[in-house]
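Student: could you work out the structure for the sequence below:
(chains A, B, C and D)
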Amino acid sequence: MTFTPGPEAEELRAVVRGFLEKRSGEAEVRRWMDTDAGHDPAVWGQAATELGLQGLAIDERWGGSGASAVELGVVFEEMGRVLYGGPFFGTVALAATTLSELGDTAAQDRYLPGIAAGDTLAALAWAGPDPMTSTLRAQPDGATGGWRVSGRAELVVDGGVAGLLLAVADTPDGLGVFAVETTDGLTRTTLTPLDLTRKLAALDFADAPATSIGTPGAITDRLRRALDIAVLMLACEQVGGAARVLDMAVEYANTRVQFGRKIGSFQAIKHRCADMLVEVESARSCAYYGVWMAAHQPEELPIAASLAGSVCSEAYTRCALENIQLHGGIGFTWEHPAHLYAKRARSSQLFLGSPVRHRTRLAELLDIPEVVG
Amino acid sequence: MTFTPGPEAEELRAVVRGFLEKRSGEAEVRRWMDTDAGHDPAVWGQAATELGLQGLAIDERWGGSGASAVELGVVFEEMGRVLYGGPFFGTVALAATTLSELGDTAAQDRYLPGIAAGDTLAALAWAGPDPMTSTLRAQPDGATGGWRVSGRAELVVDGGVAGLLLAVADTPDGLGVFAVETTDGLTRTTLTPLDLTRKLAALDFADAPATSIGTPGAITDRLRRALDIAVLMLACEQVGGAARVLDMAVEYANTRVQFGRKIGSFQAIKHRCADMLVEVESARSCAYYGVWMAAHQPEELPIAASLAGSVCSEAYTRCALENIQLHGGIGFTWEHPAHLYAKRARSSQLFLGSPVRHRTRLAELLDIPEVVG
Amino acid sequence: MNDPGQIDQARTDQATVQKLVEEFLAEHPPPTTDDRTLRAARFDAGLAFVHFDPGCGGLGLDRSLQPLVERLFLDAGCADWSARNVIGLGMGAATIHTHGTDEQRAKYLKPLFTGEEIWCQLFSEPGAGSDLAALATRAVPEGDGYIINGQKIWTSLGHVARRGLLVARTDPDRPKHRGLSYFLLDMTSPGVEVRPLRQITGQAEFNEVYLTDVFVPATDRLGAIGDGWRISMTTLMNERVAIGGRGNRRGDGAIGHAVASYRDAVHAGRAHPADRDRLMRLWTTVEAARLTNIRAAAQVGRPTPGPEGSIAKLQYAELNKAVYELCVDLLGDAGMLIDNYTFSQPDLSSAASDAPDVRRAFLRSLANSIAGGTSEIMRNILGERVLGLPGEPRNDRDRPWKDVPRS
Amino acid sequence: MNDPGQIDQARTDQATVQKLVEEFLAEHPPPTTDDRTLRAARFDAGLAFVHFDPGCGGLGLDRSLQPLVERLFLDAGCADWSARNVIGLGMGAATIHTHGTDEQRAKYLKPLFTGEEIWCQLFSEPGAGSDLAALATRAVPEGDGYIINGQKIWTSLGHVARRGLLVARTDPDRPKHRGLSYFLLDMTSPGVEVRPLRQITGQAEFNEVYLTDVFVPATDRLGAIGDGWRISMTTLMNERVAIGGRGNRRGDGAIGHAVASYRDAVHAGRAHPADRDRLMRLWTTVEAARLTNIRAAAQVGRPTPGPEGSIAKLQYAELNKAVYELCVDLLGDAGMLIDNYTFSQPDLSSAASDAPDVRRAFLRSLANSIAGGTSEIMRNILGERVLGLPGEPRNDRDRPWKDVPRS
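Tutor: Residues are numbered from 1 along each chain as shown, chains lettered A, B, ... in the order given. Model (predicted):
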């Protein structure tokens, strides 16, 4: 079995890397991280129209390229590498994937072309730790034939800028996904994220008018699948970030001189870098395996997603914190980029399921019993 | 607060160390570890009659010295340091402590003088992982006015050589401790211990005639206290062993030359030794604190015992395994003493409560709730 | 191993000291005595640093008695200055007392103790972190003093300090450790510029200090010319003890926050069954470290802290990071937020908050294993100076400083 | 990064090889063909080591195809020789193929593959472990060959091996790495004495080999005089891949035992709530390591294993120890016992047991991070040869070997 991204994916990577290095370097990232929008609309538009990134995995009938999770994973890896601050995760990994997986063609016709074109910013909202147990509520609106969504989503990635909100909400028939496009009955509160390069908002829905996507009670498996794909995209981001901090650490260890020697010649530093390399390669294996399975062996997706979800996020955190330690004092300053990666790592470790939760899910999938009492 | 053993205890240490170095060096330990008895009766006798070690913490009225847990801890530390193979743990840490704590003067009159004199070898037997939930059974023997003990104790430290067996057994009135002195209704099976320097046996009791010590159902707290003291003696042994392997590692690192340098000059080795030092000092603090509390603040005993029980056993195992790694191939051979310590460490880590069990107990004592469901 | 005679002496001294403090407090009741007045009187009574010489705020007693004295004054309701003048009290006083002239002790120790003069430390430089002895700030003799030029970094309290502990190079032609001298710098001198250094929490606890043609009189040189490295060791040993030695009651400090975070998480249904053992593993390790500190502090008969202080420093740093990492994990989603990244310059005048934002505390903790000597340096010290393992091959120790490669 | 053209080629080759193996198996049905006969035919068909040259048991294909071939033969019911002749198949063959003369390849590769000749490795010495290049065994020219004197250690299969991969010093006046030569030793030569070396499990998997005036003909020197270090690198790189590359199905091997141990413990009421996450943490790490191995093995276009093999070796070693430590913990009290410490000398002819005594497996695992290069050496290799970090200052590399300090 070969699950390393193939030559086409690597060609894509080269293009995306070139684009992001030019349009989302550290200076850009820092400039935009202090804004509420978090990103440069011009870059976002260019990503959509010139590179087709937003539509990469969207079917061609909706203006996308119909590529697989493997290629999309490469894009997230590259974005993770530079901490790209646009609402790509909310729009593409969460909203577009959910629309694609839920298979409601009316909704797809309505929303996917805008996402692919770069015109629509979107987000997935839920209340509580896990979308599958969201405590938002939706009820039919007899007057309009539509729905009304209520409740507070405490923490929505890209929720501050998204024009299209997909709310995961409970109904008398079970879990549903609802598109909220108006600002009626919607209050957004901007939050201060630990990771300033990923914007977060709290959303209060008060009988907000909404359209159901798919049939409430019948979308559970498809939503779970969409979330697993999002977990894998997060894992790819984490691999990109982890590899970048390893590069940064090695470069510093090869430059900084103390005690008359480059510090990388000290085993205390060298062995730490070696351990980081093992972490990065482990994470990379899990992420690549995951997106490959998403594309080619969907029945393996749950295990592959939770494997990547636990391994990649811990690897990234360990590498990002190690990178600060290795830089010494300078790594603790605001001016050095090391902390931006540490914050992204730490924050994304808690997003879409903590490592321990993913491991618990894996145990369940593998039928490894829990200890009772 | 000062809980480091005081000058008297340190004087005792010097005497015990000198004795054990002379009479229980590595050659002696190896010679006796291949026997079922596991120890040299002459050394045992000398320890009792010349040094008074068996009776050190036994009250003077039964021929002991009435010293505290602090002094007894020093003896166990020194025995752990040389892996003394005699049945001191079963006889003194478990049996004598239980007799002392249970406070049944008739039993004390009968058994403690023999232990203090070095004439009685003893052991504490129970079935199942925890003495407090032993599944041995005892029932009154109407004919004799005594009791009959039944059941299988899978694993009894020093159970192969002990003439006096204290069996923790369940009765209709609750848990009791029963002295079994005869061989009627008793079958001993010698086991192959992971740690050849601590002998283990399985004991099958089949209506073995026994005498109750204290009142069944009323001894629980006292037995728990005796076991906590035994945990602390084990912790002291572990500190002695851990300190010894650290010495061994440092000595080797200061001697062995590779790449034209003493290997201790490499940070990979040096920093490992530093971490071992931290482990040893942590373990030492917990063990010393524990025996001090046992002697001076009995209400602190449960917390102090489980603290030491978790910290010291993990520290010892880590140091003992690290010592093998540090020695490289030679540390993997039967002829080098490193493995004897690793086996003692690993084995004693599973005895009288694993670290995770001690931590769970600590959480209960500190009223730190568990997660339900 | 402690000498029996010393231990008996210590017990007697403990009672003596306790009595002296009680008498002092009766004479100067904290509720009705102005803080600075009380501290001045305490200094004069020899109860400031009981192990210092009489006349220097001390009584010539054993160092192990000092924690007892501090506790007695705190228990009586006196203000806690340990954070507000942490450099002065924790490291400066002992350095000046050990190496200062009578004039220097007379001039600096009392205002340091009363809090009238806050101290900062001017050791680290951009090019001299772990390798402190490589520092490049120059001190060139001129008239009856020195002209200082260079840049220092990581100067906590630099923006409020009146005085600084400064190490500078007086002879670049000698090997690195032997060309340094130690100065007591008046921070109000012309040419001293303090700039805040923003850190990853958004705050600026530390500063960069630029020294441009700063004049220091020869009377403010501490110890002999070229003796700066040896003297700075006194400062650093005390620093490690001060860093590692915090927190004296079981369950205090970071681990207390973790227990609270865990309870909250259990209550909110966020905790995972594996979290309890993770918490307890940290709890036991923290408690073991605390007990080791107590054991070390109770060692009598040692005039200065030894390299064992690095055990406490190393453990404190690594544990603090692990504990706050757990705290953030226990927050669940809320761990993705922070209270704020607003720029500010704390002066440490308020006592440590009882309930810090654990996310901020987590970020701050990342400096614990760097500041005051990295964990790697601590392990070197433990390996070489406590365990006696050989040093690494060095090419920087015996050559003139100016010829050693630097970055 | 792989070249696209190469990947397409690899896919074609895969189909080709699959077809060749199927045809071969049709001609030589494993159920009715004697094992050695089948292996001899397989060698002649170029299906022994498909990446070797034609005539040498190979077809000149990419190395990444070999695992596929092995699996196809195993699936067809052929015997697994990988353990029984682990040194020969895992390291010896590649070394002889890469560095041997046509005569040497013709003489040694076929009996190695058929299992007629078991090989062992004579590298380590008591004074040369991690620092292999310091080895002291001397090879002195005499007549048309060499006289060998010295002592080797850690020779697995030494007691059953017919041949040995030997590195010895031919020139003590040159620097350590440059005075070595590589020999193919006939273990039945006079002067070769093999003594079992008892290990901490009680068994003796390894041996000490004493070489006293052993004659080796010049035709059995592999490569040029003084080229021994470079050639031994081929052996070691293959060793690391062989060690790290074991186990190919998810959940196989040690972690499978751990899952079984955990189930047993849960069933018996011995498991603790924290054990499940501890198990799953290991499970995920093992699975990640397994996937990294697959990724590495699938890299086409590389004639020999690179230093990345050290990733697999390092992970395998550290994980195996941690996994078996968990297994023992899960046993509860029974972890204080062992099946036996009886002395024996395994010849590795039986496949790895499905249910080993995990206590014995734990003890055995302690050698994993030592044998075949310690984990410390693996980290050096990863740091220096994969990441490009600078080496340590060395005083042993350029001096004549005889002048370098040794223990």
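
Student: how is chain A divided into domains?
Tutor: Residue ranges for the domains of chain A, per automatic domain parsing: A:7-117, A:122-219, A:221-365.

Student: what residue is smack in the middle of chain C?
Tutor: Taking CA atoms, centre = their mean, the centroid of chain C lies closest to residue C:239, which sits 3.6 Å from it.

Student: list the buried ones in stretch C:216-233?
Tutor: By neighbour count with 16 or more other CB atoms under 10 Å in any protein chain shown, stretch C:216-233 contains the buried residues C:216, C:220-223, C:225-229, C:231-232. (C-beta placed from N, C-alpha, C; glycine too.)

Student: how many neighbouring residues does residue C:76 have?
Tutor: 16 (other CB atoms under 10 Å in any protein chain shown).

Student: quick one: pLDDT of it?
Tutor: Residue-level confidence at residue C:76 comes out at 95, pLDDT.

Student: pretty sure it is touching residue C:28, no?
Tutor: No. In this structure, residue C:76 is not within contact of residue C:28 by CB atoms under 8 Å, at 9.7 Å.

Student: surely the residue nearest to the centre of chain C and residue C:91 touch.
Tutor: Yes. With contact defined as CB under 8 Å, residue C:239 reaches residue C:91; the gap is 4.9 Å.

Student: quickly list what's touching both of the two.
Tutor: Counting by CB atoms under 8 Å, 6 or more residues apart in numbering or on different chains, the common neighbours of residue C:239 and residue C:91 are residue C:121.

Student: ok, back up a step: among the domains of chain A, which is the most enclosed?
Tutor: domain A:221-365 (a mean of 24; mean count of other CB atoms under 10 Å in any protein chain shown).

Student: end-to-end on that one?
Tutor: End-to-end span of domain A:221-365 (CA to CA, to the nearest Å): 15 Å.

Student: which stretch of helix or strand covers residue A:303?
Tutor: Element membership for residue A:303, per DSSP states H and E: helix A:301-327.

Student: what's the mean pLDDT across that helix?
Tutor: Helix A:301-327 shows an average pLDDT of 98 in the prediction.

Student: what do you get for stretch A:209-221?
Tutor: The average pLDDT for stretch A:209-221 rounds to 97.

Student: which secondary element of chain C has the worst mean pLDDT?
Tutor: Scoring the helices and strands of chain C by mean pLDDT, DSSP states H and E places helix C:4-27 at the bottom, with a mean of 81.

Student: alpha carbons of the next helix or strand along the chain from that helix, as CSV, please.
Tutor: Once helix C:4-27 ends, the next helix or strand along the chain (criterion: DSSP H and E) is helix C:35-44. Backbone C-alpha positions of helix C:35-44 (Å, rounded to 0.1, in the frame of the first residue of the first chain) are rendered in CSV as follows:
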residue,chain,number,x,y,z
ASP,C,35,5.2,48.9,56.8
ARG,C,36,8.5,50.6,56.0
THR,C,37,9.1,51.6,59.6
LEU,C,38,8.5,48.1,60.7
ARG,C,39,10.9,46.7,58.1
ALA,C,40,13.5,49.2,59.1
ALA,C,41,13.2,48.3,62.7
ARG,C,42,13.2,44.6,61.8
PHE,C,43,16.5,45.2,59.9
ASP,C,44,18.0,46.9,62.9
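
Student: other residues contacting helix C:35-44?
Tutor: Helix C:35-44 has contacts (CB under 8 Å, 6+ apart) with C:24, C:27-28, C:30, C:33, C:48, C:57, C:73, C:78-79, C:81, C:109-110, C:113-116.

Student: whichever of the residues you listed end up buried, select them in ChimeraX.
Tutor: This is how ChimeraX selects the buried members of the contacts of helix C:35-44, with burial counted by 16+ other CB under 10 Å:
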select /C:24,28,33,48,57,73,78,79,81,109,110,113,114,115
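
Student: just the contacts of helix C:35-44: which are in helices?
Tutor: The helices, defined by DSSP state H, take in C:24, C:27, C:73, C:109-110, C:113-114 from the contacts of helix C:35-44.

Student: who are the contact partners of the nearest residue to residue C:264 once chain neighbours are set aside?
Tutor: Closest residue to residue C:264 apart from its sequence neighbours, by CB to CB, 6 or more residues apart in numbering or on different chains: residue C:330 at 7.2 Å. When contacts are counted by CB under 8 Å, 6+ apart, residue C:330 touches C:258, C:261-262, C:264-265, C:270-271, C:275.

Student: and the longest strand for chain A?
Tutor: Ranked by residue count and defined by DSSP state E, the top strand of chain A is strand A:200-213.

Student: sorry, back to before: shouldn't the residue nearest to the centre of chain C be within a helix?
Tutor: Yes. Counting by DSSP: H, G, I helix; E, B strand; the rest coil, residue C:239 is found in a helix.

Student: residue 251: helix or strand, and which one exactly?
Tutor: This is for chain A. Judged by DSSP H and E, residue A:251 forms part of helix A:220-253.

Student: partner strands of whichever helix or strand comes after that helix, with direction?
Tutor: Reading on from helix A:220-253 to the C-terminus, the next helix or strand found by DSSP H and E is strand A:257-258. Using DSSP bridges, strand A:257-258 pairs in its sheet with strand A:261-262 (antiparallel).

Student: quick check: closest non-adjacent residue to the residue in chain A that chain C sits nearest to.
Tutor: Residue of chain A nearest chain C, by CB to the nearest CB: residue A:260 (3.1 Å). Nearest non-adjacent residue to residue A:260, counting by CB to CB, 6+ apart: residue C:396, 3.1 Å away.

Student: so is the one you found in a helix, a strand, or just coil?
Tutor: State at residue C:396, reduced to three classes by three-state DSSP: coil.

Student: pretty sure it sits against residue C:406.
Tutor: No. At 9.1 Å, residue C:396 and residue C:406 do not qualify as touching, with contact defined as CB under 8 Å.

Student: these two: which is more packed in?
Tutor: Using other CB under 10 Å, the more surrounded residue of residue C:396 and residue C:406 is residue C:396, with 21 against 17.

Student: what segments of the stretch 51-200 of chain A are strands?
Tutor: Using DSSP state E, counting those that start in this stretch, the strands assigned to the stretch 51-200 of chain A run over residues A:122-125, A:136-141, A:146-157, A:164-171, A:174-180, A:186-190, A:200-213.

Student: out of those, nearest to residue B:36?
Tutor: Among the strands of the stretch 51-200 of chain A, the nearest to residue B:36 by CB to CB is strand A:146-157 (65.5 Å).

Student: now the angle from the closest one to helix A:220-253?
Tutor: Taking axes from the mean of the first three to the mean of the last three CA atoms, to 10 degrees, one finds that strand A:146-157 is oriented at 20 degrees with respect to helix A:220-253.

Student: now the strands of the stretch 51-200 of chain A in a markdown table, with distance to chain C?
Tutor: Supplementary listing: the strands of the stretch 51-200 of chain A in a markdown table, determined by distance: least, CB to the nearest CB, whole Å:
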| stretch | distance to chain C |
| --- | --- |
| strand A:122-125 | 13 |
| strand A:136-141 | 15 |
| strand A:146-157 | 5 |
| strand A:164-171 | 14 |
| strand A:174-180 | 19 |
| strand A:186-190 | 11 |
| strand A:200-213 | 6 |
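
Student: okay then, goodbye and thanks.
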